[in-house]
Every structure is written in C-alpha cells, then in structure tokens.
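**Q** Sequence first, predicted model second:
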Number of protein chains: 4
Amino acid sequence: MAKPSALAEPQAAPAYGKPLQGWRLRLYTIIFEADTRAGQWFDRALIALILSSVGVVMADSVQSLHQRFGSVFSALEWGFTLIFTLEYLARLACVRHPWRYATSFFGVIDLLSVLPTYLAMLLPGVHALIDVRVLRLLRVFRIFKLTAYMSEFQSLGAALLASRRKIAVFLMVVVLVVVIMGTLMYVVEGPENGYTSIPVAVYWAITTMTTVGFGDITPKTDIGRLISSLMMLLGWGTLAVPTGIVTSEMTARRQGAITTRTCHECLTEGHLPEAVFCYHCGARLPPWRHSRSIPV
Amino acid sequence: MAKPSALAEPQAAPAYGKPLQGWRLRLYTIIFEADTRAGQWFDRALIALILSSVGVVMADSVQSLHQRFGSVFSALEWGFTLIFTLEYLARLACVRHPWRYATSFFGVIDLLSVLPTYLAMLLPGVHALIDVRVLRLLRVFRIFKLTAYMSEFQSLGAALLASRRKIAVFLMVVVLVVVIMGTLMYVVEGPENGYTSIPVAVYWAITTMTTVGFGDITPKTDIGRLISSLMMLLGWGTLAVPTGIVTSEMTARRQGAITTRTCHECLTEGHLPEAVFCYHCGARLPPWRHSRSIPV
Amino acid sequence: MAKPSALAEPQAAPAYGKPLQGWRLRLYTIIFEADTRAGQWFDRALIALILSSVGVVMADSVQSLHQRFGSVFSALEWGFTLIFTLEYLARLACVRHPWRYATSFFGVIDLLSVLPTYLAMLLPGVHALIDVRVLRLLRVFRIFKLTAYMSEFQSLGAALLASRRKIAVFLMVVVLVVVIMGTLMYVVEGPENGYTSIPVAVYWAITTMTTVGFGDITPKTDIGRLISSLMMLLGWGTLAVPTGIVTSEMTARRQGAITTRTCHECLTEGHLPEAVFCYHCGARLPPWRHSRSIPV
Amino acid sequence: MAKPSALAEPQAAPAYGKPLQGWRLRLYTIIFEADTRAGQWFDRALIALILSSVGVVMADSVQSLHQRFGSVFSALEWGFTLIFTLEYLARLACVRHPWRYATSFFGVIDLLSVLPTYLAMLLPGVHALIDVRVLRLLRVFRIFKLTAYMSEFQSLGAALLASRRKIAVFLMVVVLVVVIMGTLMYVVEGPENGYTSIPVAVYWAITTMTTVGFGDITPKTDIGRLISSLMMLLGWGTLAVPTGIVTSEMTARRQGAITTRTCHECLTEGHLPEAVFCYHCGARLPPWRHSRSIPV
C-alpha cells in the first residue's frame, strides 16, 4: 500500500468531530472518492474538461486561430471558468475543514486555475497563465490504476529525496563553476562579442555546460574558444565519465568472475582477483594466474 | 530460448487444417524460411533490392542528381515497385491464411512499401514515403545469426517493457514541465521575441530541456534567461544527477566494504557485502550490519 | 568519520611549540572555529558579505545598472575590499604559522579575493575578477551540518580520484579524436565554410562531439556533413551505449535469477545470485554456476 | 600482466630463425624497447618531436601565423619529415621481418605520418593530413607506467567488445529511426524550409536525435515542429530513461533492505519484499507489512 503522500486528499472522517452526512457526504464521495461509479465519471469528466481548457488557451495563443475563433474561445473560456469555480466551491462546501482544503497542494492549484480568468479582466497579459490548470492533471492518477502509478511516482521522488545532500552539493559546485567561468569569459571576450554583462555571461556558461548550446552568444577570441572547449568537455564529461566507469565496473565484475575463479568446494564464483579463500564456504581457492585473465 | 515475438512470421503449419503442398510449399520455404540455400539467397537478394530502392529515393531527392539522372531513377523505381509487388503477391499466394499475413506487422509494411509509388501517380508529394521500405530491413535479422541479434533486440525491448510504468510517469512529468515552462516563457518573452504562441513556446521548452538547443528561438529578457537557465539545469541534471548517484553508490559499496568489514583474524578489509568467509585467510567474518556502514 | 581534506583549516594547536593565548586565541576561535556563537555569527556575516560583494560585481557589469548606480557600487566595492583585507590580516595575525596559512588553499583564495581591487586601480579590465571571492563560499560548509556535506563532497571526489587512470585514458582518446576529426574537416570544408584554421576546426569538433552544437560553424559539404553525423553519433553514443548496457545488465541479472535458480523443494524462482537458502521455503539452494545462466 | 594487444610491437626474437645481433639488436633495443635508458630517452624525444610537428601543422593553418612564420614552418616541417623518415627506415632495418612491421598497426601509422609531406609536393591540399602523426602518440603509453594505462585502455575496449552485438543492434535501430524521420521531415517541411534533400534531412535528424542541435536547419511548420519534439524527447530520453531506471533500482534495493527486513538469526538484510526465509542462514523472517514500507 502506498504511503500517504502530499498528493492525497484530506480524509472524509478526521479523528475528531462528527462525520459528514447527507448531501455533503454524497457530494464528497463523488468529488473526492473514486470508488463509486459517479465518482469515476466525475473524475473522467473533470480531466476531459481540464485538457479541453488547456487546449483552448494554447489554441487561442496562435494568432491565426485567435483571429478566426477568438470569440468562441472566449465563450468556452468563461464556460470552463464557471464550471471550475462551481467545482471549487462544491469542494469547499462538502469538506469538513474548508480551510484545510484551501491551503492544501491541490486546493491551491484549484484556486490558481480559476483566478487568472478573473484577474485577466483587469490585467490582460495574465490570461495565458490559465495553463496552471494543467497541474490539475495530477488527479488523473486517481482513476487509472492509481496505486501503481503512485508508487512509481513516489519511488522516483524517494530516490531523489534520499540523495538530496548529494544533489545539493552537486548543484553548488555547478553554480560555482558557471559563475567563475562566466566571469572569466566576460573579461576575455567582452561586450562587443556578445557577453554584455556578467549575468549574461553566466547564462552563456550554463547553455554551454549543460550542452544545450543555443548559439545566440558564441566565443570569438582564441582564448575564449579554448575556455569554451574546456567547459564543454567538463559538461559532457560529467555525463560520460560516470557512465563509462559504471559500465566497465559491471563488465569487469562479470568477466572476472565467469572466466577465472571458481571455488572447488562450493562452486561459487565472483571472487576478487586477489582472494585466497572462498568468501562463501571458506575453502582455499586455486591460485589465479593473471596472465590468462581479463585485465582490470 | 528467445520468446516468440511480434517480429516472427506466421507459421507454415498452423494447428488446424491441411499443411501446404507442392509449389506453394516450395515458394513458402524460399520466401519465409532461411534454412535452405534458395531461402538464404532470396533474403540476401531482397535486402540488396531494399537498400538499392531506398538509395534511389534518397538520391532522387537531391536536386543535382535528380536533374542528371531523373529518368533513370524513375525507371529503377518502377522496376523495384514491380518486383516488390510480385513478391507481395507471392507471399499472399503461398501462405495458408493470406488475411493473417496481410494484417501482420510485416504484411502491413510490405504493403506500405509498394503503395506510395502507385499513389504517387495521383499525389506527387507522397513519392518520398517510399523510404518506408527501409522498415523491411528488419528482415536482415533472419540471415545474420538471427537468434543472437533477436535476443539482443528482445533484451533491450524487455528492459523497456518491464519499466513501462516508470517511463509513462517520467514522460507525464516531462510533458507537464514543458507545458508549464513554455506558457511561462510565452507570457514573459512574448511574440516579439520569437515566442509567437504557446505551442511554439512549448516546442522551445522541449529543445531546451532535451539540451538540443537549436537556437532558432532564444530568450532575450533577463527573467526569460533566468527561467531558461533553470530549465537547462533541469534537463541536463536529469542526466547528470542519476549517473553521479549510481557511480558514487558503486564506489561507496566498494569503499563501504573496505572501511567496515574487517576480518578479526588477519585484519584484511575489502570484503563483499555478502561474504561469509574472509577471502584472505578463510576465517569466518562477523555478520555485516548495513545500518552502520554506508558512508553516504 | 570524514578524512581530513584539503578543505580543512590548519590546526590551532600544532604538534610542536606553545599554543595560542589571549586575544590571539579568542580571535582564532571566532574566525576559524564554528563551535562558539560568535564563531557562527562571524561565518554567517562573512558569507553574507561574500554573496553581496559578488552580487555587486555582477550588477556593476550590467550597463544600465552601472550608469545608474556606478558610484554606489564603487563605494560598496571599496568597503568590501577593506573588510576582506582586515579579515585577511586578522587571520594572518592569529594563526601560529602565518606562512602556512598564506600558502594553503583557502589562504590563496582569500588573497586573490582582495588583490584584484588593488590591481584594478592600475589595470581596469581586471575589476571583474573579484568574482574569485565566490570561491570563498566553500566555507559555507562549516556552518550547515558541515560533516554531512563534507562527506558527500568527499565521496564525489573520492569516486573521481579512484578512477583517475580511466578518466585520463578517456580524455586522451577524446583529444585524439577531436584533433584528427578537426583536421579532417578543415581539409574537407576549408576556410570558406567557416573552418578558418585547424584550431578552429578542433573547437568545432569539440562542440559537435560534446553535443553542444553552437551552430556558429556548420558543415556545408556533403562529405563534411557525413563526417559530422559520425561524430555526433560517437559523442551521443558515448553516453547512450553505456547507459543502455548497464540497464539491460541490471534487468538481465534479475531475469537471469528468475530463469535459472530454482529451489528443488518448492520450485520457486527469482533467487538472488548470492543466495544460499530459498527465501520461500528455507531449503538449501543448489549452487549457482554463472556460466550457464546469463541470457544476454 | 596485460594480454598482448594490437598495440604491442612485434617481438625481437620470433619463434623461428636466428635472433638479431650487433648493431641491429642495439638499434632495436633503443627504438622498440623501453627498458634501457637510451630506449626511454628515444621515446621521450620522439613524443616531443611528434607533438611539435603536430603543433607546427596546426599553427601553420592559422592565416595570421602562416603569413608571419610560413617559411619557418616549412623548414621545420621538412626537418620533421626527414627525422621521421630516417626513424621509419631504421625501424624497417632493425626488425627481423620488415614486411610484418610495415603492415602492422603502428607501421601503417608511421608510413602515413611521412607520406603526406611528400604527396603535398604534388597535391597542396593534403598538407594538413600530417596531423595523422598524432596517432603516433599512442606510443606514449610505453613510457608512462605503461601497463597501468594499457590495462585501463584495454578494459574500456573489452567492455565495448563484449557488448558488440548490443551496440550493433542499437546502431541499426538509430539509423532506421533517423532515415524514417528524415524522410518524413523532408516531405513535411520541404526544400524551401532548408530540408533540401533526403540526405540533408537525415543529417538534420541526426543533429536532433543526438541533441547536438546546430540550428543551421530548423523546422518551420507546425507538424514539423511536432515531429521534431518527438525526436528530441526520443534522443534525450534514450539517455534519461535508463539512468533513471538504474538509479531507482539501486535506491530501491538499498532502501528496501535497510529499513525493513532483518533476519533475527544472522542479521542479514537485503531480503526481497516477498521473501519468507533468510537467503543467508535459512531462518524464518518476520512477516513484512507493506503498509509500513518503501514502495517499489
């Protein structure tokens, strides 16, 4: 069973106070639970609505489509906003502690989904942020074999969390390198070659070290190109070196075991080249002549 | 033994009905089987024809060659189409259930290989899709030590299939990120800086996160460049962080053995985590408690 | 326990000579140690000052900000320099062997942090190298759960050190390849296509093999594009091939266990390669001979 | 001891015929062996000469340097060529079977090192291929702790050789994908958008899938950009997906072991979630309640 996570909804029956009843309970079951048929249909309809509303916003941003269907898009947009507002109010109404829902992860996303349309009446540029609704798609996990996906999602998250110290140190080193290198390139190349300020040079250093290489800014001087080459090898090498090391370690471990050392007593393999006794049964291993074996 | 896969041909003798006889059996053996000499020569000739036909289409697309050899290419193209059509009809003719072949993976490819030339008489632009024939090259596995390559191919496929849930979740997260980031950049940079619509901005976000970085669209504003930097580090880090973690874990496992497991008799270190006896002196090792050992 | 590293400060009480006393000891405790409250506040103030001074240099490089706040930045810059100079002198004063500190890693960085401002009075272009101060941020490890980060940092460093031979060979091969390929492209494409000299062509070869791909120089001839394609596949493949091999080996190991090790008592499969007893029924497993097992 | 490899020199005393004597033996010892002082000095001098000659060719390709020092470079170039020719003739003279040396790997490289200069008298453009000499740098392994580097070099090579089938299949799939995708883009975008022919489109497909992304050719149509996005995700995902899988497998294996299942008898950890008996000592494990454990 998956651990309760940040993506779970608040419980219908908390440890204290009287449970939901009547229409509130029925509404809650449809909206928050996915066990009943109505609940599943609600979720599917909701996802369809979310995908459509995101699609409408994306289409409306394309000039040619905006000119042809602008008014249709506006109407649809208001329709979606009304439906989502009603849904949001319904959620607040049927949950025992509305404030707890409003401040939860999903609660905030749901609010941010409807707010831009209202704000857009006042500030036009904000209109596009309606795409925040796409975050609501995280709800899709509740319908399609939820626990399976949830655990995959959590396993990826757990792996990252377990290594957060390493990631933090790694990022610190990367930031240090790009700031130093960016400053160096600013001094070497100068604004006339595109490196207009240190922040811009740092931006260039990031495009180079992450091997993205837009090409909007490129080194023109010889020293600049030399430093760039070092940065490129560093950024690419950070990927290539570990993969190469891991691969030759895995191959070495297998090659060494299979072709050379077998314990006569227990037939275990996988002994280190320098081993004298079998790690498995303690018997003495036959001597290993390097010259007939795989190096490393 | 390699599992029967989607790439296998339908059997000559199905579980029911009477088996093939006479000329049909002979034809079947040549076309579908690679045991006989004729069968092998058939396959080699077929591959040579496929490669040549693909080469002709590629050459014909080059303007200079098209002007010089256009008519030669056309003639060759019709020759190839006739041969492939005859081959396709021969396959249908000698298989017990023609419909089953026509709807199988290879059957569909074979049909798509000849259809474009006929359609091209009606719709000129389709002519180049004749390269679909290159998919027929998957047949090459049948000649060259088939089972060996098949199992390699299948092992790669099996690894992917076993992890399909993880891959699905991963892709969902990537799509989520590029849509959100793309929309953000559209709002921040705007059409005057190249981000003409949200779909275009999402296309840019993909070129940035996958570290391709075409450079046809680049951020011009400071905030835009800051967001880009974050995206680049995210896309590159998704590759760099796991490789770094795996590498230091492999090293740690070895180091961990070295720093914690000491043989009481001879004081040797470097025992495998699962070792029971000291590889150096044969004495029994104290049991290894993981919880006190990993340095990371 | 983390090994003493190059990032550690020289000890307060060396093995010989009389220990520090009085104000020198008090100063030393504040500056170099992080145990006391004063010591921790000193370190936090120092990091805040370092970050601010780096921020000022970066802001000063932006033309628009330089014009508006140039004099403010100059004043701040001199302030920082004075504080850092005082701090440097204080360090020299309260350490038992000033020369040892001055030549240590941190000592050199601290000197390089203040020198550029003085040199800048003579050579204007050097002003930006004040960013070297950012290297002083390595001190941040002393406050925030130092040992934890230190060991992460060291584990990454240890992994690299252990593999230095492999890295050296790998780099030698990469340099060889880019020089050969660069020369080839210079001969094939020539200066009229952007490859103005062999060093420039080698720079292009590095951008291509590390998959950065700026695009400031691109191949125009057919042969050039063919060679480029090979280089791109080589550079990308150096990352893709090992990761693919490692992944299918890990999957194979699991699959391998499943298909070969069967418990004679309960017929369960899926035992770890190193298992001695069946995890399902407790019976002793037959020994596992590697040579008959790996499917790939 | 490292296995004899393709990089080894032919033996001084073959299994048949009379061994070398006198001046031939002395010359052989200096040139081919690295045991004597003279032999080591010879190798170091040779490497210095090779590096210098490569440096001269690279410098001569830079227009500004060519104009200033052109004649100096020419003179040096002829000097190097004469020395290398003498050395080549010396090698042929002191080896028992000159033909065997001339056709060996190093023999061919040595010949290709001197030939271009002579050919250059007839065909000017070939002059730059003198950089082939840089391949002679492979001899550097003979001086600097040879065996250590040799084994590293061989381990990398062995890992590749062991996986040659997987690499072949992988490359076949990549070629298939870029040809199909390239043709598709040629049909969709057409010559007016830069995709002038199918080979050019395939070149573009390679720059995209390997995430190099030069940007000399970019998709302009919506469908084109959609196909590009898929290709970019495919090329980048081929790196990201396996690393992610491997990392979460390694973390899962460790997390699962450390936090949940310990055998009460032998204190071994690392038991599969579904295990009932300890694989190490055969004792019964305490039941594992999933709800309190790490998923995956």
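**A** Arrived safely.
**Q** Below-threshold pLDDT in chain A: ranges please.
**A** A:1-20, A:33-34, A:116, A:120-121, A:123-157, A:159, A:245-261, A:268-276, A:279-280, A:287-296 (pLDDT under 70).
**Q** tell me the domain boundaries of it?
**A** If you go by automatic domain parsing, the domain ranges for chain A are A:15-144, A:159-252.
**Q** In TSV, list those along with mean neighbour count.
**A** Every residue, glycine included, has its C-beta placed from N, CA and C. Listed next are those as TSV, based on neighbours: other Cβ atoms under 10 Å in any protein chain shown:
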stretch	mean neighbour count
domain A:15-144	16
domain A:159-252	21
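**Q** Turn the ones you listed into TSV, including distance to chain B.
**A** Below are the domains of chain A laid out as TSV (distance: least, Cβ to the nearest Cβ, whole Å):
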stretch	distance to chain B
domain A:15-144	4
domain A:159-252	4
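**Q** got the phi/psi numbers for A:Arg284?
**A** Main-chain dihedrals, A:Arg284, degrees, to the nearest 10: phi -80, psi 130.
**Q** give me the number of residues near it?
**A** Residues near A:Arg284, counting by other Cβ atoms under 10 Å in any protein chain shown, number 12.
**Q** Setting the sequence-adjacent residues aside, check what's closest to it.
**A** Once flanking residues are discounted, A:Arg284 sits nearest to A:Phe277: 5.8 Å by Cβ to Cβ, 6 or more residues apart in numbering or on different chains.
**Q** Then A:Leu65?
**A** Leaving aside its sequence neighbours, A:Leu65 is closest to A:Ala59 (4.9 Å, by Cβ to Cβ, 6+ apart).
**Q** just checking, what packs against the helix or strand where A:Gln67 lies?
**A** Counting by DSSP states H and E, the element that carries A:Gln67 is helix A:63-94. When contacts are defined as 3 or more Cβ pairs under 8 Å, 6 or more residues apart in numbering or on different chains; DSSP states H and E, helix A:63-94 packs onto helix A:22-32, helix A:37-60, helix A:98-103, helix A:105-120.
**Q** Let me have the ones you listed in TSV, extended by distance to D:Val173.
**A** Below are the helices and strands packed on helix A:63-94 laid out as TSV (distance: least, Cβ to Cβ, whole Å):
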stretch	distance to D:Val173
helix A:22-32	45
helix A:37-60	32
helix A:98-103	49
helix A:105-120	40
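**Q** and A:Thr207, which of the ones you listed is closest to it?
**A** helix A:37-60 (26.4 Å; Cβ to Cβ).
**Q** Return the angle between stretch directions for the closest one and helix A:105-120.
**A** Using axes from the mean of the first three to the mean of the last three Cα atoms, to 10 degrees, the inter-axis angle of helix A:37-60 relative to helix A:105-120 is 40 degrees.
**Q** Contact partners for A:Leu49?
**A** Contacts for A:Leu49 (Cβ atoms under 8 Å, 6 or more residues apart in numbering or on different chains) come out as A:Phe80, A:Ile83, A:Phe84.
**Q** which one among those gets closest to chain D?
**A** Set against chain D, the nearest of the contacts of A:Leu49 by Cβ to the nearest Cβ is A:Phe80 (24.0 Å).
**Q** What does A:His97 show for phi and psi?
**A** Main-chain torsions, A:His97, degrees, to the nearest 10: phi -120, psi 90.
**Q** How about A:Cys266?
**A** The phi/psi pair for A:Cys266 (degrees, to the nearest 10) reads phi -110, psi 0.
**Q** Name the nearest of the contacts of A:Leu49 relative to D:Pro98.
**A** Within the contacts of A:Leu49, the smallest distance to D:Pro98 is 84.5 Å, found for A:Phe80 (Cβ to Cβ).
**Q** For the closest one, which non-adjacent residue is spatially closest?
**A** A:Ser53 (4.1 Å).
**Q** Please look at that neighbour and A:Leu82 and confirm they touch.
**A** No. Applying Cβ atoms under 8 Å, one finds A:Ser53 not in contact with A:Leu82, separated by 11.3 Å.
**Q** What degree of burial does the residue nearest to A:Arg284 show, as a neighbour count?
**A** A:Phe277 has 21 nearby residues by other Cβ under 10 Å.
**Q** how close does it sit to B:Pro287?
**A** Counting by Cβ to Cβ, to the nearest Å, the separation of A:Phe277 from B:Pro287 is 17 Å.
**Q** Kindly report the same for A:Gln21.
**A** Distance of A:Gln21 to B:Pro287, given as Cβ to Cβ: 57 Å.
**Q** Show me where the stretch 151-296 of chain A has its helices.
**A** Taking DSSP state H, counting those that start in this stretch, the helices of the stretch 151-296 of chain A run over residues A:164-189, A:198-209, A:222-259.
**Q** The shortest one near chain D at all?
**A** No. Using Cβ under 8 Å from any Cβ of the partner chain, helix A:198-209 stays clear of chain D, with a minimum separation of 11.1 Å.
**Q** who's in contact with that helix?
**A** Applying Cβ under 8 Å, 6+ apart, the contact partners of helix A:198-209 are A:174, A:177-179, A:181-183, A:185-186, A:189, A:194-195, A:212-214, A:217, A:228, A:231-232, A:234-235, B:213, B:222, B:225-226, B:228-229, B:232-233, B:236, C:57-58, C:61-62, C:128, C:131, C:212.
**Q** and it with helix C:37-60, angle?
**A** Orientation of helix A:198-209 against helix C:37-60 (the same axes, to 10 degrees) gives an angle of 90 degrees.
**Q** tilt between helix A:198-209 and helix A:164-189?
**A** 120 degrees.
**Q** send the alpha carbons of helix A:198-209 over as PDB?
**A** Extracted as PDB, the C-alpha positions of helix A:198-209 are listed here (Å, rounded to 0.1, in the frame of the first residue of the first chain):
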ATOM      1  CA  ILE A 198      28.400  39.000 -16.100                       C
ATOM      2  CA  PRO A 199      24.800  37.700 -15.700                       C
ATOM      3  CA  VAL A 200      24.600  37.300 -19.500                       C
ATOM      4  CA  ALA A 201      28.000  35.500 -19.500                       C
ATOM      5  CA  VAL A 202      26.800  33.200 -16.700                       C
ATOM      6  CA  TYR A 203      23.700  32.400 -18.800                       C
ATOM      7  CA  TRP A 204      26.000  31.600 -21.700                       C
ATOM      8  CA  ALA A 205      28.100  29.400 -19.400                       C
ATOM      9  CA  ILE A 206      25.000  27.500 -18.400                       C
ATOM     10  CA  THR A 207      24.000  26.900 -22.000                       C
ATOM     11  CA  THR A 208      27.500  25.600 -22.700                       C
ATOM     12  CA  MET A 209      28.000  23.400 -19.700                       C
END
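**Q** Give me the three-state assignment for A:Leu122.
**A** Per DSSP: H, G, I helix; E, B strand; the rest coil, the secondary structure class of A:Leu122 is coil.
**Q** Relative to chain C, how far out is it?
**A** Computed with Cβ to the nearest Cβ, to the nearest Å, the distance linking A:Leu122 and chain C is 30 Å.
**Q** and what of A:Pro191?
**A** From A:Pro191 across to chain C, the span is 8 Å (Cβ to the nearest Cβ).
**Q** With A:Arg44 instead?
**A** According to Cβ to the nearest Cβ, A:Arg44 and chain C sit 34 Å apart.
**Q** A:Val114 now?
**A** Distance from A:Val114 to chain C, by Cβ to the nearest Cβ: 38 Å.
**Q** Quick check: that residue touching A:Ile83?
**A** No. If you go by Cβ under 8 Å, A:Val114 and A:Ile83 don't touch, sitting 9.4 Å apart.
**Q** what's the closest of the helices of the stretch 151-296 of chain A to B:Tyr101?
**A** Of all those, helix A:222-259 sits nearest to B:Tyr101, with 41.4 Å by Cβ to Cβ.
**Q** Please consider this matter closed, and thank you.
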